[in-house]
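Asker: With the sequence up front, the predicted model follows.
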Amino acid sequence: MLESVTAETLARIQFAFTVSFHIIFPAFSIGLASYLAVLNAMWLRTRDDTYLTLFTYWKKIFAVAFGMGVVSGIVMSYQFGTNWAVFSDKAGPIIGPLMGYEVLSAFFLEAGFLGIMLFGRNRVGDGLHMFATLMVAVGTLFSATWILAVNSWMQTPTGHAMNDVGQFVPADWWAIIFSPSFPYRLVHMVLAAYLTTALVVGGVGAWHLLRDRLDPSARRMFSMAMWMIVIVAPIQIFAGDQHGLNTLEHQPVKVMAMEGHFESHPDGAPLVLFGWPNQEDQKMEFAVEIPKLSSLILKHQWDAPLNGLDTVAREDQPPVAIVFYAFRVMVGLGFCMLALGLWSVTKRAMGRLYESPWLHRFALCMGPMGFVAVLAGWITTEVGRQPWTVYGLLRTSDSLSPIQLPAVATSLAGFVAVYFFVFGAGTLYILLMMAKPAATPKLGLRDGPIRTAGITPVQQSDPDARHDD
């Protein structure tokens, strides 16, 4: 088995490892930035101290997650030059400007206003502080937009030409940015980020409700999270279905692997619920399936024909088992999220949203499942694209730097050791912050709605900063 390990295999493992660590932080920070903007706006509108308490509580968690996302993203990008230099050379005229736009527009926007959001409430006034909070949220969405534009072009390349030295060069920037799969990927990813954040917030709220069901901050965050889940989960299921139909049109081989269809079905394809993909023998073993349902879902007709992997050369097939199982993990967790939302609606209607320990335990268990679903979806997308880096145009094997196996093995071992230590410690710190109940901040002059006649109060220090320990 070790004899089959190549520099390409380890380079792919290294990039998969680093991107898996990286993606969980933006997936969380995108949703959390918007949540902070909502909390701040609700406090400004109602002057309800619970919203300010939650803003102060979650902004510190956001700051740590944002920092870890920046560090992991920078490290990941270096691999384009070290391990994938041929890809960087060939696709650089397109990938480079898009990545540059992400830094210039999105990252600068986030970093420029982050300090004001974290520490400037009493220094710049409510209006500018709210504007800064919104800009951080908008910056995270811009960042997702540019990164997904890059990935979508690699998945469904359009708007390019080839120059004399074999490089992809831009011919139509609008077609490059708005490639055929871009709208579907952007919507699917942003909704996934919102669901991921809602699950974390709901899980933290459930944790504290199990200890004190009268905690007002825990009640508020749990209620808001459950509303988000029950609204967004069905939208995400619909968006995922539309994304799947788009993938069938532009990347049919990926859908064949997702569905586990080794054989073509001219009279309607079954939906394979479970099974063991045997790629060597090109068959699905121990299959549990529902006849015709895959054709109904993908073609909206019971008897619609669907091609299988028997129409695709072996060297053009992705690793079916990984794609098949990752897709089912993502879909299964999506329906678990929907179940959580519906359960919360039922309990809310009964007036027992905060007095249902089994609901709270389920929400607590579902807390990290958004990250698992995001990783499963990313694996489905990226492994399903293989053996291509630029789909149908540039193979992964032709994208590798002229690098030796020992060099990749050494760097991979270093990444594993450092990542688990650094990001493990960061994640533990976030979990410890989440385990503590939210403390009510002491309000300064601008923050409180109460005014005492005849007394001129002394301006207090920043209420957000005094609780940062």
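Answerer: In hand now; what should we look at? Worth saying up front: this structure is predicted, and the values here are computed from it rather than measured.

Asker: roughly how far is the longest helix seen in the chain from the heart of the chain?
Answerer: Using DSSP state H to define each element, the chain has its longest helix at helix 7-46. Relative to its parent chain, helix 7-46 has a centroid offset of 6 Å by C-alpha atoms, centre = their mean, to the nearest Å.

Asker: give the contact list for the nearest residue to Gly120 once chain neighbours are set aside.
Answerer: Spatial nearest neighbour of Gly120, excluding adjacent residues (C-beta to C-beta, 6 or more residues apart in numbering): His129 at 5.7 Å. Any C-beta I mention is one placed from the backbone N, CA and C, and that applies to glycine too. Applying C-beta atoms under 8 Å, 6 or more residues apart in numbering, we find His129 in contact with 40, 116-117, 120-121.

Asker: what do you get for Met433?
Answerer: Contacts for Met433 (C-beta under 8 Å, 6+ apart) come out as 60-61, 64.

Asker: Can you add pLDDT and give these back as JSON lines?
Answerer: Below are the contacts of Met433 laid out as JSON lines (pLDDT from 0 to 100):
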{"residue": "Lys60", "pLDDT": "92"}
{"residue": "Ile61", "pLDDT": "93"}
{"residue": "Val64", "pLDDT": "91"}
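
Asker: Most neighbours of all those, which one?
Answerer: Ile61 (21 neighbours; other C-beta atoms under 10 Å).

Asker: mind checking which helix or strand it is in?
Answerer: Per DSSP states H and E, Ile61 falls inside helix 49-82.

Asker: Could you do Val272 as well?
Answerer: Val272 is located in strand 271-278, with elements delineated by DSSP H and E.

Asker: What is that strand packed up against?
Answerer: Counting contacts by 3 or more C-beta pairs under 8 Å, 6 or more residues apart in numbering; DSSP states H and E, strand 271-278 is packed against strand 283-290, helix 293-299, helix 320-349.

Asker: just so I know, which of the ones you listed lies nearest Val138?
Answerer: With C-beta to C-beta as the measure, helix 320-349 is the member of the helices and strands packed on strand 271-278 nearest Val138 (25.6 Å).

Asker: list the buried ones in the closest one?
Answerer: 320-331, 333-334, 336-338, 340-341, 343-344, 347-348 (16 or more other C-beta atoms under 10 Å).

Asker: what's the answer for stretch 99-113, then?
Answerer: Across stretch 99-113, burial judged by 16+ other C-beta under 10 Å covers 99, 101-102, 105-107, 109-110, 113.

Asker: which stretches of this protein form strands?
Answerer: 160-162, 168-170, 271-278, 283-290, 388-390, 394-395 (DSSP state E).

Asker: Paired strands for the fourth one, with orientation please.
Answerer: The strands that strand 283-290 pairs with in its sheet are strand 271-278 (antiparallel) (by DSSP bridges).

Asker: Distance from the strand it pairs with to the middle of the chain?
Answerer: For strand 271-278, the distance to the chain centre is 26 Å (C-alpha atoms, centre = their mean).

Asker: hmm, who's touching it?
Answerer: Under C-beta under 8 Å, 6+ apart, the answer for strand 271-278 is 259-262, 284-290, 293-294, 297, 320-321, 324, 328.

Asker: can you pull the buried residues of that strand?
Answerer: Buried positions in strand 271-278, judged by neighbour count with 16+ other C-beta under 10 Å: 271-272, 275, 277.

Asker: Ok, stretch 212-225 next?
Answerer: Result for stretch 212-225 [16+ other C-beta under 10 Å]: buried residues 213, 215, 217-225.

Asker: can you redo the strands of the chain as a markdown table with distance to Ile231 and mean pLDDT?
Answerer: Converted to a markdown table, the strands of the chain look like this (distance: least, C-beta to C-beta, whole Å; pLDDT from 0 to 100):
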| stretch | distance to Ile231 | mean pLDDT |
| --- | --- | --- |
| strand 160-162 | 38 | 93 |
| strand 168-170 | 39 | 93 |
| strand 271-278 | 27 | 91 |
| strand 283-290 | 29 | 90 |
| strand 388-390 | 36 | 93 |
| strand 394-395 | 40 | 93 |
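
Asker: Find the residue closest to Asp172 in space, skipping its chain neighbours.
Answerer: Distances taken as C-beta to C-beta, 6+ apart put Gly159 closest to Asp172, at 3.9 Å, once the chain neighbours are dropped.
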